[in-house]
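Peer 1: My questions concern the predicted model and sequence given below.
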Amino acid sequence: MAKQLKLQILNVALFLFLTVQLLLGIRLWFVDLFGWEDSKSLMNLHLITGFSLAVLVLVHISMNWWWVKSQFGFSK
């Protein structure tokens, strides 16, 4: 699989996980704000998507490390 296709798939996955994480965080904030009954499954999903998002960000940075080096002047 070409690197460009991998990056496109990774970018879509990052967007989806970030959107889910944001929506779950807002929903959990409303649960806390209004004192509604909490859903443990949504809390677990928020935790899982958060860790998955962190892993995807690390993969994204590693796949684009050449760009990071060129922008910030890291030496070999």
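Peer 2: Happy to help now that I have it.
Peer 1: Could you use CA atoms for every contact and neighbour count after this?
Peer 2: Noted.
Peer 1: shaky segments in the chain?
Peer 2: 75-76 (pLDDT under 70).
Peer 1: in the helix or strand harbouring Leu7, what counts as buried?
Peer 2: Assigned by DSSP states H and E, Leu7 falls within helix 3-34. Within helix 3-34, the residues scored as buried using 16 or more other CA atoms under 10 Å are Leu10, Leu14, Phe17, Leu18, Val20, Gln21, Leu24, Gly25, Leu28.
Peer 1: residue nearest the centroid of the chain?
Peer 2: Centroid-nearest residue in the chain: Leu53, 2.6 Å away (criterion: CA atoms, centre = their mean).
Peer 1: Next up, the contacts around that residue.
Peer 2: Leu14, Phe17, Leu18 (CA atoms under 8 Å, 6 or more residues apart in numbering).
Peer 1: Can you tell me which of these comes closest to Ile48?
Peer 2: Of all the contacts of Leu53, Phe17 has the smallest distance to Ile48: 9.9 Å, by CA to CA.
Peer 1: could you point out which element follows the helix holding Leu7?
Peer 2: Per DSSP H and E, the first helix or strand lying C-terminal to helix 3-34 is helix 40-63.
Peer 1: List the buried residues of that next one.
Peer 2: Under the neighbour-count criterion of 16+ other CA under 10 Å, helix 40-63 has His46, Thr49, Gly50, Ser52, Leu53, Leu56, His60 buried.
Peer 1: Let's have those residues in CSV, adding distance to Ala2.
Peer 2: Shown next, in CSV, are the buried residues of helix 40-63 (distance: CA to CA, whole Å):
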residue, distance to Ala2
His46, 31
Thr49, 26
Gly50, 27
Ser52, 23
Leu53, 22
Leu56, 18
His60, 15
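Peer 1: what's the most distant pair in those?
Peer 2: For the buried residues of helix 40-63, the farthest-apart pair by CA to CA is His46 and His60; their separation is 20.6 Å.
Peer 1: rewinding a little: quick check: angle from the helix holding Leu7 to helix 40-63?
Peer 2: Calculated by axes from the mean of the first three to the mean of the last three CA atoms, to 10 degrees, helix 3-34 forms an angle of 150 degrees with helix 40-63.
Peer 1: If anything else comes up later, I'll come back, but that's it for now.
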